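Undergrad: can you look at this prediction? I've put the sequence above it.
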Amino acid sequence: MAQRGLFFSRRLHINKELRVNERIRSRECRLIDDTGAQAGIVDLRDALRMAREKGLDLIEVAPTAQPPVCKIMDYGKYKYEQGKRDREARKKQHVSEVKGIRLKPDTDEHDFQFKLRHVQRFLQDGDKVKVTVIFRSRELSHPEFAKRNLDRIVEGTAELAAVEKPAGMEGRTMTLILTPK
C-alpha cells in the first residue's frame with residue numbers, strides 16, 4: 001500500500017498538481033500574500049483565513065521546502081495562465097524527425113539529383129536525414145561507387161547540413177546521417 005501511495009504522490013508531482021486550501025497537509029507554512037510580499041511563517045489555519053477574507057485560494061507552491069511555501073492567489077486564474085504558457089511553449093517546439101532516403105550504388109544521374117533535392121528539402125524543414133545505400137549480390141564488391149554517391153550528397157548539402165555520422169558499412173548497407181546546421 002505504501003508503494004501505491006508513493007507512486008500516486010510522484011504522479012501528482014510530475015503533473016505539477018498543486019495542493020490547494022484544505023488539501024495542504026502541513027501545520028504551518030511560509031506565506032506569500034496576494035501582493036507578493038512575504039508574511040513569514042504562519043499557522044496554516046491563519047493562512048487559510050487570510051486567503052478566504054480576500055476571496056482567494058491558498059496554494060502550496062513549494063511543497064518540498066521546510067516549511068512549505070504557500071501563496072495567496074486565484075487558483076483558476078493561475079491554472080489558466082499556466083495552461084497558456086504551456087500551449088505557447090508547445091507552439092515554439094519543433095520535433096525533429098529522421099527522414100530516410102534509399103539509393104543504390106548505380107543510381108542514374110537524374111534519380112540522384114531527384115533524391116538530392118529531397119534531402120535538401122528535409123534539411124531545410126529541420127529534420128535529420130539518413131541516407132542508405134543498399135547493395136545487392138555482386139554490388140558489394142565495389143563499395144567505392146556507393147561512397148562516391150554519398151560524398152556527392154555531402155557536397156550537395158554542404159551549406160545546409162553537417163555530417164553527424166560519416167558513411168560506414170553495416171552489413172549489406174552503407175549509411176550516412178546528416179543534421180541541419
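TA: Yep, that arrived.

Undergrad: quick check: mean pLDDT of stretch 99-119?
TA: Per-residue pLDDT over stretch 99-119 has a mean of 92.

Undergrad: got any ranges where the protein has weak pLDDT?
TA: Where the chain drops to pLDDT under 70, the residues are 1-16.

Undergrad: how about the helices in it?
TA: 2-14, 44-53, 75-92, 109-124, 143-156 (DSSP state H).

Undergrad: contacts for the last one?
TA: If I follow you right, that is helix 143-156. 103, 105-107, 112, 115-116, 119-120, 131, 133, 135, 139, 161, 163, 167, 169, 174, 176, 178 (C-beta atoms under 8 Å, 6 or more residues apart in numbering). Where C-beta positions appear, they are placed from N, C-alpha and C, glycine not excepted.

Undergrad: before we move on, the earlier item: of the helices of the chain, give the one that comes closest to residue 66.
TA: helix 44-53 (14.3 Å; C-beta to C-beta).

Undergrad: what packs against that closest one?
TA: strand 28-32, strand 57-62, strand 69-73 (3 or more C-beta pairs under 8 Å, 6 or more residues apart in numbering; DSSP states H and E).

Undergrad: which of the ones you listed sits closest to residue 93?
TA: Of all the helices and strands packed on helix 44-53, strand 57-62 comes closest under C-beta to C-beta, at 25.2 Å.

Undergrad: for that closest one, which helices and strands make contact with it?
TA: Secondary-structure packing of strand 57-62 (3+ C-beta pairs under 8 Å, 6+ apart): helix 44-53, strand 69-73, helix 75-92.
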